[in-house]
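In: what would the 3D arrangement of this be:
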Amino acid sequence: MKTPIGVAEIIAPDLHLNSDGKHDTKHDTKHDILQHLLKRGEITAQDLAEKLDISPQAIRKHLKDLETEGLIYHTSEQLGMGRPQFIYALTAAGRDRFPDSYNQFAVNFLDTLIDTLGKEQVSEVLQKQWRRKAQNYKAQLGSGSLKQRLEKLAEIRRAEGYVTEWFPVEENDRENQSFIFTEYNCAIAHVAESFPSVCGHELEMFATVLDCPVERTHWMVDGEHRCGYLIHNN
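Out: Numbering: from 1, shown residues only. The predicted structure is shown next:
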């Protein structure tokens, strides 16, 4: 069974030290590239160079290395009369650098449970697991404004290995402001492909934890590169 990646490995999975004991910035930059691609879905070399504040020549060298390693790939897009523009994205191996799935064992295990117990009983077991997780999260979040609880929830999810972001929706009514909560990797991705109902349980869990309506805006199961949620402030 695949060993979960620790938080330190997620922050810098390829981080090494040089002989003088300093961090190898080459590996840091590669990880930054992978994380940008994880968040954006796809990006050009020029955009990456601007985001990371390094030269286009240096970014292309890193991109070439990552493509050789099989972690990214590129497609060509013709814009106007100029040269084609390369668009870069993660391969499946690149996404596997982040903790994005149980392995096939988990899927097979659920199949066996369904054969043994029946689909309805397995669904009840999964619901119970999500309720337990919701209670655990809620105890950690405590009281406070929705904004404060969202920040704490994001911290908890990041500690579990998720690449998580959140931000307010621009609205005139600040008191009842809504928020977008986004996760760019998923610990149950492979399971969700075969059992998409688990994503419904997760959606219910977020609504329970935050004690407010939660609406899904993006879904990896539908082929998108992230899961997104609109959090409505009551």
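
In: when you work out contacts or count neighbours from here on, use the C-alpha atoms and nothing else.
Out: Fine.

In: by contact count, what packs against the top helix by length along the chain?
Out: For the chain, the helix with the greatest residue count under DSSP state H is helix 119-141. The contact analysis (3 or more Cα pairs under 8 Å, 6 or more residues apart in numbering; DSSP states H and E) places helix 119-141 against helix 104-117, helix 146-159, helix 197-210.

In: let's go with 6 Å and repeat that
Out: Secondary-structure packing of helix 119-141 (3 or more Cα pairs under 6 Å, 6 or more residues apart in numbering; DSSP states H and E): helix 197-210.

In: tell me which helix or strand comes right after the worst-scoring helix or strand of the chain on mean pLDDT.
Out: The weakest-scoring helix or strand in the chain, judged by mean pLDDT, DSSP states H and E, is helix 7-11 (a mean of 29). Downstream of helix 7-11, the first helix or strand assigned by DSSP states H and E is helix 25-40.

In: C-alpha coordinates for that next one, PDB please?
Out: C-alpha atoms of helix 25-40 as PDB (Å, rounded to 0.1, in the frame of the first residue of the first chain):
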ATOM      1  CA  THR A  25      17.200  26.000  -5.400                       C
ATOM      2  CA  LYS A  26      16.900  23.900  -8.600                       C
ATOM      3  CA  HIS A  27      14.700  21.400  -6.800                       C
ATOM      4  CA  ASP A  28      12.700  24.200  -5.100                       C
ATOM      5  CA  THR A  29      12.000  25.700  -8.500                       C
ATOM      6  CA  LYS A  30      10.900  22.400  -9.900                       C
ATOM      7  CA  HIS A  31       8.400  21.900  -7.100                       C
ATOM      8  CA  ASP A  32       7.100  25.400  -7.500                       C
ATOM      9  CA  ILE A  33       6.500  24.700 -11.200                       C
ATOM     10  CA  LEU A  34       4.600  21.500 -10.300                       C
ATOM     11  CA  GLN A  35       2.500  23.200  -7.800                       C
ATOM     12  CA  HIS A  36       1.600  26.100 -10.200                       C
ATOM     13  CA  LEU A  37       0.600  23.500 -12.700                       C
ATOM     14  CA  LEU A  38      -1.500  21.700 -10.100                       C
ATOM     15  CA  LYS A  39      -3.300  24.900  -9.300                       C
ATOM     16  CA  ARG A  40      -3.700  26.400 -12.800                       C
END
